[in-house]
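[1] Quick one: sequence plus predicted model below, questions after.
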Amino acid sequence: MAAMTALQSSMASFSLSPSSFFGQRFSPSLYPSPVKSTDNPCLIVMRLKRWERKKCKPNSLPVLQKMHVKIGDTVKIISGHEKGKIGEVTKIFKHNSTIIVKDINLKTKHMKSRGEDEPGQILKIEGPVHSSNVMLYSKDQNVASRVGHKIFEDGRKVRYLLKTGEIIDSVEDWKRVIKEKEKTEVAAAS
């Protein structure tokens, strides 16, 4: 009996009051809220693998890299299994610094038949090459060189080959490239 009264008196000292910890509800600030991290929201994903995701700018667009080659440039492959081959740049991808060179790095693509009347086929397509694996090439002097930049007196900024001094950017070359691109688009549409 004495033990029972001692136990009741000790429990009375532990009575729950509104100011005690056990009697209050937990405030929401004490619970860690499951919030998604929004430190780098990238809404646009440009057909990259999960492990190739690139950093984004504040407007959620991927950061585009500056490249030393442009469409229509003649380049020489300096590394890889296609080393030493020469071709023309047909397409560039600035988000991962790769380019497609005509008739270089050919891949075999197996196309499944889409209908009964259309048979399946095996196609050769050009795969991308990283821009660091190519150098600009001079057809006149048969030499690969790095690129430099010049600003003329009239304010034009042009690219030139460091070894030969040959100017790469000219108005006639750009007009030729644009015309060829329009011809291929018209041929593909028809």
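    Thanks, I have it. Numbers count the residues shown, from 1 in each chain.

[2] For the closest residue in space to residue 168 that isn't next to it in sequence, give me the pLDDT.
    Leaving out its chain neighbours, the residue that sits closest to residue 168 by CB to CB, 6 or more residues apart in numbering is residue 159, at 4.5 Å. For glycine as for every other residue, the C-beta is placed from the backbone atoms N, C-alpha and C. pLDDT for residue 159: 90.

[3] need the contact list for residue 159.
    With contact set as CB atoms under 8 Å, 6 or more residues apart in numbering, residue 159 has these partners: 68, 147-150, 167-169.

[4] Would you reformat the residues you listed as JSON lines and include neighbour count?
    JSON lines is the format used below for these (neighbours: other CB atoms under 10 Å):
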{"residue": "68", "neighbour count": "16"}
{"residue": "147", "neighbour count": "15"}
{"residue": "148", "neighbour count": "14"}
{"residue": "149", "neighbour count": "10"}
{"residue": "150", "neighbour count": "12"}
{"residue": "167", "neighbour count": "13"}
{"residue": "168", "neighbour count": "19"}
{"residue": "169", "neighbour count": "16"}
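
[5] Pairing partners for the longest strand along the chain, with directions?
    Ordering each strand of the chain by length in residues (DSSP state E) puts strand 86-93 first. Counting by DSSP bridges, the strands paired with strand 86-93 are strand 74-77 (antiparallel), strand 98-101 (antiparallel).

[6] could you give the mean pLDDT of the helix ranked longest in the chain?
    Assignment by DSSP state H gives helix 171-189 as the longest helix of the chain. Mean per-residue pLDDT for helix 171-189: 74.

[7] Tell me which of the strands paired with strand 86-93 sits most buried.
    Neighbour counts (mean count of other CB atoms under 10 Å) averaged over each of the strands paired with strand 86-93 peak at strand 98-101, with a mean of 22.

[8] could you point out which element follows that strand?
    Using DSSP states H and E, the next helix or strand after strand 98-101 towards the C-terminus is strand 106-111.

[9] Can you mark which positions in that following strand are buried?
    Neighbour counts using 16 or more other CB atoms under 10 Å place no residue of strand 106-111 among the buried ones.
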